[in-house]
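Engineer: Have a look; sequence and predicted model below, questions after that.
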Amino acid sequence: MNGTDKYAIIVAGGKGLRMGGDIPKQFMLLAERPVLMHTIQAFYDYDPNIRIILVLPREQKKYWENLCAEHSFSIPHQTVSGGETRFHSVKNALFLINGEWLTGHNLPSTLHLSPRTFHRVPLIGIHDGVRPLVDKELIGKVYAQADSDGVACPAIPVTDSMRKMTDIRTTIPADRSKYFLVQTPQVFKADILFEAYRQDYDLRFTDDVSVVEALGIYRPAMVEGSRENIKITTPTDLIIAQSLIKSHHS
């Protein structure tokens, strides 16, 4: 990966509804700093030269700027306005990477990599802003795997018993050994990711790997994820994250 440009798109579009408060979950305090700052810090610790692009709802940008000033947060990053869905938010960030950023909804229908911009095909990682406990070792493993295979994502095996619904009142046991929980960052060679995001939005796109898989060409290489790489969506998740951080510093 020496000499390869690396990007991290951090998607933070949460409105905080499941947290039961007015403050979006990405801005809630975790060990005295907003969740997002821990997330950005992890990628900076992995590689201080990585280009970090933060995707936020337009109306939250000023709030974020004020938080950065309040907490003296100075890690370099750019901010891009989010879109209607995660798909559109990521696409906005891709236009910025490719030098074709346009505001609003007047986005070109195609994406291409400009040879004037890239001497080697970059690696682009996409990460949930509310996964602040991702560590630099896991980030490094996923980027390295994507550099080798083109598409990579972390995942952990399901450990709970599972049942599959067959109709509204009936369930049957499911073989949990065949299922994995997918995490982020999901990392891609840029040409593959840009090709995937030329597609029109589809409800089947639940994450970025699913967008790439819809091309029918590429399959992700799975990297062993971390059970500490939790996604903070409920108050309980925040309590768990606080406990994990405390244990790391004790």
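Structural biologist: Received, thanks. What you see is a predicted model, and the numbers here were worked out from it, not measured in a lab.

Engineer: Contacts for the lowest-mean-pLDDT helix or strand in the chain, please.
Structural biologist: Every helix and strand in the chain was compared by mean pLDDT, DSSP states H and E; the lowest is strand 162-167, with a mean of 89. Residues outside strand 162-167 that contact it (Cβ atoms under 8 Å, 6 or more residues apart in numbering) are 171, 172, 173, 174, 175, 176, 179. (Glycine included, C-beta is placed from N, CA and C.)

Engineer: Now, those that are in strands?
Structural biologist: If you go by DSSP state E, these have 171, 172, 173, 174 in strands.

Engineer: could you measure the second one against residue 181, distance?
Structural biologist: Read it as residue 172. 21 Å (Cβ to Cβ, to the nearest Å).

Engineer: Repeat that for the last one.
Structural biologist: As judged by Cβ to Cβ, residue 174 and residue 181 stand 14 Å apart.

Engineer: With residue 36 instead?
Structural biologist: From residue 36 to residue 181 the distance is 23 Å (Cβ to Cβ).

Engineer: more crowded one of those two?
Structural biologist: residue 36 (26 against 13; other Cβ atoms under 10 Å).

Engineer: ok, residues contacting the helix or strand encompassing the more buried one?
Structural biologist: Here residue 36 sits within helix 35-46, counting by DSSP states H and E. Contacts with helix 35-46, where a contact means Cβ under 8 Å, 6+ apart, come from 8, 10, 12, 25-31, 50, 52, 54, 64, 67, 71, 73, 75, 77, 125, 127-136, 139-140, 143, 232, 241.

Engineer: Of those residues, which count as buried by neighbour count?
Structural biologist: Among the contacts of helix 35-46, those scoring as buried are 8, 10, 12, 25-28, 30, 50, 52, 54, 64, 67, 73, 77, 125, 127-134, 139, 143, 232, 241 (criterion: 16 or more other Cβ atoms under 10 Å).

Engineer: gap between the residue of the chain positioned farthest from its centre and residue 163?
Structural biologist: Distance to the chain centre peaks in the chain at residue 169, reaching 35.7 Å (criterion: Cα atoms, centre = their mean). From residue 169 across to residue 163, the span is 12 Å (Cβ to Cβ).

Engineer: residues in contact with residue 78?
Structural biologist: 51, 52, 53, 54, 96.

Engineer: In helices only, show me these.
Structural biologist: Counting by DSSP state H, the members of those that fall within helices are residue 96.

Engineer: could the contacts of residue 78 be laid out in TSV, adding pLDDT and distance to residue 203?
Structural biologist: As requested, the contacts of residue 78 are exported to TSV (pLDDT from 0 to 100; distance: Cβ to Cβ, whole Å):
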residue	pLDDT	distance to residue 203
51	95	31
52	97	29
53	97	25
54	97	26
96	89	25
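
Engineer: Could you dump the contacts of residue 78 into a markdown table and include distance to residue 151?
Structural biologist: What follows is those, written out as a markdown table (distance: Cβ to Cβ, whole Å):
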| residue | distance to residue 151 |
| --- | --- |
| 51 | 20 |
| 52 | 21 |
| 53 | 19 |
| 54 | 23 |
| 96 | 21 |
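
Engineer: mind checking the SS state of residue 137?
Structural biologist: Under DSSP: H, G, I helix; E, B strand; the rest coil, the three-state class of residue 137 is helix.

Engineer: Start from the N-terminal end of this protein and give the helices.
Structural biologist: Per DSSP H, the chain carries helices over the ranges 35-46, 61-70, 86-97, 136-149, 190-196, 208-213, 235-248.

Engineer: Show me the shaky parts of the chain.
Structural biologist: For the chain, residues meeting the criterion pLDDT under 70 lie at 1-2, 14-21, 100-119.

Engineer: Go again with 80.
Structural biologist: Along the chain, the model assigns pLDDT under 80 to residues 1-3, 13-22, 99-120, 249-250.
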